[in-house]
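# A predicted structure for the sequence below; I have some questions about it.
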Amino acid sequence: MLCTLNHPDREGDLIPDNALANGATELAVVSAGAPGKEHGVINHDEDPVGTARLYEKDGRLWAEVNYDGVPKDWPHDGTPPSLTPGQACNAVNKMRPAWSVGYQVLAKRDPTPAERARGVRRVILKWRIVEISPVREPGGAAVGTLEASCAA
């Protein structure tokens, strides 16, 4: 599970249900998430270690992560990830981290007075998630790893 929808994060962003623009076949890439390398892919520090299929269910954003290495169509610069795909999966399995997403805002609006009272500074109506990264310090509430299994 990546995040709970309809709940402001610590930066004041509120993301309602049905905001995800990623289609069923549009995958996000997965960063290894080694300490100090969170969001290493979108920061151009390293290549991805896998892909994630994203979907919304029961007011939450979910990801099915596949640690399959660098996607064939990824325009990488050849910088190897800080962890191999297997090491990254085993690290996630061991530490059960929170997750953070790198995304593009496609549509937004100003918050209503009631939303502002909840600490909302921006309502993101549509977003496209490009990368997910395991992190120690999440940006929102109810973020975490529920299950992880890794091939030997």
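Everything's here; your move. Residues are numbered from 1 along each chain as shown.
# quick one: list the elements packing against the longest strand anywhere in the chain.
The longest strand of the chain (DSSP state E) is strand 122-135. Secondary-structure packing of strand 122-135 (3 or more CB pairs under 8 Å, 6 or more residues apart in numbering; DSSP states H and E): strand 13-14, strand 28-30, strand 50-57, helix 85-95, strand 98-109. C-beta: built from backbone N, CA, C; applies to glycine.
# following the last one, which helix or strand comes up?
Once the chain leaves strand 98-109, the next helix or strand it forms, by DSSP states H and E, is helix 113-117.
# how about that next one: buried residues?
For helix 113-117, a neighbour-count test (16 or more other CB atoms under 10 Å) marks residue 115 as buried.
# now that helix - C-alpha only, CSV.
Below are the C-alpha coordinates for helix 113-117, written out as CSV (Å, rounded to 0.1, in the frame of the first residue of the first chain):
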residue,chain,number,x,y,z
PRO,A,113,-12.5,26.4,3.2
ALA,A,114,-13.4,23.0,4.8
GLU,A,115,-10.3,21.4,3.2
ARG,A,116,-8.1,24.3,4.3
ALA,A,117,-9.2,23.7,7.9
